[in-house]
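Enquirer: Structure for this input, please:
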Amino acid sequence: MLRSIRWRIAFPYVLLVLLVMLGLGAYLSLIIRESYLERLDTQLTDAALLISDAVTPALKNNNSKGSMDQSAQYYASMLGMRVTIIAPDGTVLGESEEPSAQLDNHLTRPEVAQALARGKGSSIRLSNTLNIQMYYLAVIVKSGQQTLGIVRVALPLAQVDASINHLQGIIMGASAVAAVLAILLAALIAGRITIPLRDLTETVNKMSVNSLKGQRLTGTLIPRHADEVGQLTEAFNGLAVQLQSQIDDLEAERNKMAAVLQEMTDGVLIIAPNGKVQMLNAAAENMFGIHLETAVGHSVAETIRYYQIVDLWQRCQESGEAQSTIMEIIDKKLYLQGVATPLGKSHSGSILLLFQNLTRLRQLETVRRDFISNISHELRTPLASLKALTETLQDGALDDPPAARRFLERIETEVDSMSLMVAELLELSRIESGRVPLKLESTRPVDILTSAIERLRLQAERAGLTLTLDCPQDLPLVLADQPRLEQVTVNLLHNAIKFTPSGGRIGISAQVQNDLVVFSVKDTGIGIPASDLPRIFERFYKADRGRATGGTGLGLSISRHLVEAHGGKIWVDSVEGEGSTFYYSIPIAS
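Expert: Numbers count the residues shown, from 1 in each chain. Reported below is the predicted structural model:
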């Protein structure tokens, strides 16, 4: 409240009135208390003297303590006070509130000691017997020069406190009324003085709200007076125009920078000197699975929990020079190049972290290396065989027609195998590059499966296998290039026949799941080891490590690309020694 000029003007006046009223109340309370205590002292003195005259004969005769208790009680009931009769040695001879025999010696009581010394004594203290605040007054009882005893009377101070509290209540009420009147008067005076300043404040607040909402800073004030406030108003109007111009320029630059940062494919973070994240772009959010709202204001170690990045930032901070590193984020399967660079003087101590995603490049390099390795391996066997056959023919086998014919047939087989590999490589290359146009038509799933089964039925029968088909005629149509999906099914069925021992079973089926038709080829063959399942659809990859089963290793890769070209998905479930089930899904025709 005191931040307002209006109240800073009014508050001193209100405070002055309150201090005066409180000071006056405290002074009056003190005066009244002293006056009341003087009156009480006089009242108690008179009562004590009256009792001392009455008990003088009994003290002279040295009556028993029991009779003194009765006397004390009698005078107490008559005067409405506590009465205590004490011997010169401090022994309590009579007490109106408690049996005197149970009370200890009173010689050390302040009022008793004063009475023995000066003839009269008084004190205000807590009663050990009644446990309340009391006013005690004691007078000495004499007969000539002989001290017969002390008479002490006492009254509780509750009445004094009640009177003082009542007065304080009146003073507080008066102070409150005076404070309210002072506040109203001060507020009225200060309000008239600060009206132009309130107008200026309202306009500034409106401009601030517009700025937060991204709106223009609109608002112009007309000076009410030619005083200092009027001059301030004119200066503010000019400042508002200049400020809006600068904001427009800064907003344009900020939008450019924000657009560049958000569209960058490289992750960008700015770390403050204290290690807190100041800013990051969308690419960084996607790379590390973090969000702008939860990252800004937190330390880099809290935000990005990868020690390589924290170490990169620390090395740059300690050295003050640019640092770079290559790192692999295993759980996110990322391969990154990170660069940490200190920012300039405008952001002294801050560090820019830039992360370039090299994952795709590394994958391409791995694919290229694996491709060369695999195709070299696949070509080495037929080439070696051809080399051996031709050398045998050259060494004299041509002169043996039956042997020469067998060698030529073997050469033809190896050439056919190489031709098939080249054809499948070309087919795979065309599919991956999108140069194989698909003729998508509404097709019955049963037609796709029936055609594939007919093509390989004889091969299955020769292998001693049982083929079964489970495909309802009323399944929804799928949007497919039928020859291409037949090729997928033939590839899966051919593999099932090849890896299923004689006497086994192969089941081909199709069923609806949500908006898809899921095709499956299930066999009771040798199955696929769990370690090979993630790579089974790669080019040239064979679960048969010895590669003794023949084939190029391209069939499943071709099948995957064809299914994905239809907007579907292909996968496998397999347990080694129990068989495999290959699935692929195709969207239902709308």
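
Enquirer: which stretch of helix or strand covers the most centrally placed residue in the chain?
Expert: Note on the chain: the residue nearest the mean C-alpha position is T294, at 6.6 Å, using C-alpha atoms, centre = their mean. Element membership for T294 (DSSP states H and E) is helix 292-295.

Enquirer: which other residues reach that helix?
Expert: Contact partners of helix 292-295, identified using C-beta atoms under 8 Å, 6 or more residues apart in numbering, comprise V277, L280, E285, T303. Just so you know, the C-beta spots here come from the backbone N, C-alpha and C atoms, and that holds for glycine as well.

Enquirer: Roughly how far does the residue of the chain positioned farthest from its centre sit from V151?
Expert: Computed with C-alpha atoms, centre = their mean, the residue of the chain farthest from its C-alpha average is G144, at 93.0 Å. Applying C-beta to C-beta, to the nearest Å, the value for G144 to V151 is 17 Å.

Enquirer: Kindly report the same for N357.
Expert: 105 Å.

Enquirer: Which one of the two is surrounded by more residues?
Expert: Comparing N357 with V151 by other C-beta atoms under 10 Å, the one with more neighbours is V151, at 29 against 17.

Enquirer: Just say helix, strand or coil for the more buried one.
Expert: strand (DSSP: H, G, I helix; E, B strand; the rest coil).

Enquirer: which ones are touching the spatially closest residue to it that is not a sequence neighbour?
Expert: Leaving aside its sequence neighbours, V151 sits nearest to S52 (C-beta to C-beta, 6 or more residues apart in numbering; 4.4 Å). For S52, the contact set (C-beta under 8 Å, 6+ apart) comprises V139, I140, V141, V151.

Enquirer: Check what pLDDT S52 gets.
Expert: Listed pLDDT for S52 reads 88.

Enquirer: looking at this, it is in a helix?
Expert: Yes. Assigned with three-state DSSP, S52 falls within a helix.

Enquirer: Confirm S122 sits in a strand?
Expert: Yes. The assignment for S122 (three-state DSSP) places it in a strand.

Enquirer: Q43 versus the residue nearest to the centre of the chain, what's the distance?
Expert: Taken as C-beta to C-beta, the span from T294 to Q43 is 79 Å.

Enquirer: what's the answer for I32, then?
Expert: 16 Å.

Enquirer: so what's P110 closest to, chain neighbours aside?
Expert: Leaving aside its sequence neighbours, P110 sits nearest to S123 (C-beta to C-beta, 6+ apart; 4.1 Å).

Enquirer: hey, what's the one you found bridged with?
Expert: On the basis of DSSP bridges, S123 is bridged to Y136.

Enquirer: For stretch 85-100, buried residues please.
Expert: I85, I86, A87, P88, G90, T91, V92, L93, G94, E95, S96, S100 (16 or more other C-beta atoms under 10 Å).

Enquirer: end-to-end on that stretch?
Expert: 9 Å (C-alpha to C-alpha, to the nearest Å).

Enquirer: Which segments of this structure make up each domain?
Expert: The record, using automatic domain parsing to delimit domains, assigns the chain the ranges 5-162, 220-262, 264-357, 362-432, 441-587.

Enquirer: Tabulate those domains in a markdown table, adding columns for distance to R192.
Expert: Output for the domains of the chain, formatted as a markdown table (distance: least, C-beta to C-beta, whole Å):
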| stretch | distance to R192 |
| --- | --- |
| domain 5-162 | 10 |
| domain 220-262 | 11 |
| domain 264-357 | 45 |
| domain 362-432 | 76 |
| domain 441-587 | 75 |
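
Enquirer: for those domains, which one sits closest to D199?
Expert: domain 220-262 (6.2 Å; C-beta to C-beta).

Enquirer: chain center to that closest one, what's the gap?
Expert: 37 Å (C-alpha atoms, centre = their mean, to the nearest Å).

Enquirer: excluding its backbone neighbours, what's nearest T147?
Expert: P88 (4.9 Å).

Enquirer: Help me confirm that that neighbour is found in a strand?
Expert: No. The assignment for P88, made by three-state DSSP, is coil rather than a strand.

Enquirer: Check whether it really touches S143, as I assumed.
Expert: No. Shown here, P88 and S143 do not form a contact pair, counting by C-beta atoms under 8 Å, at 11.8 Å.

Enquirer: List of residues touching the helix or strand hosting V277?
Expert: Per DSSP H and E, V277 falls inside strand 277-280. Strand 277-280 has contacts (C-beta under 8 Å, 6+ apart) with 267-272, 290, 292, 295-300, 303, 350.

Enquirer: Select only the buried ones of these in ChimeraX?
Expert: Applying 16+ other C-beta under 10 Å to these, the buried members can be selected in ChimeraX as follows:
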select :267,268,269,270,271,272,290,295,300,303,350
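
Enquirer: can you give me the helices in the protein?
Expert: 5-60, 65-79, 110-118, 158-212, 228-263, 282-288, 292-295, 300-303, 307-319, 359-394, 401-432, 445-462, 482-498, 555-565 (DSSP state H).

Enquirer: Which of these sits closest to P472?
Expert: helix 445-462 (7.7 Å).

Enquirer: As CSV, could you dump the C-alpha coordinates of the closest one?
Expert: Provided in CSV are the C-alpha atoms of helix 445-462 (Å, rounded to 0.1, in the frame of the first residue of the first chain):
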residue,chain,number,x,y,z
PRO,A,445,-8.2,-61.3,-49.7
VAL,A,446,-9.1,-64.9,-50.6
ASP,A,447,-8.0,-64.4,-54.2
ILE,A,448,-4.5,-63.3,-53.1
LEU,A,449,-4.0,-66.3,-50.8
THR,A,450,-5.6,-68.9,-53.2
SER,A,451,-3.3,-67.9,-56.1
ALA,A,452,-0.2,-68.1,-54.0
ILE,A,453,-1.1,-71.5,-52.6
GLU,A,454,-1.8,-72.9,-56.1
ARG,A,455,1.7,-71.8,-57.2
LEU,A,456,3.5,-73.7,-54.4
ARG,A,457,1.1,-76.6,-53.7
LEU,A,458,3.1,-79.2,-55.7
GLN,A,459,6.3,-78.1,-53.9
ALA,A,460,4.7,-78.5,-50.5
GLU,A,461,3.4,-81.9,-51.5
ARG,A,462,6.8,-83.1,-52.6
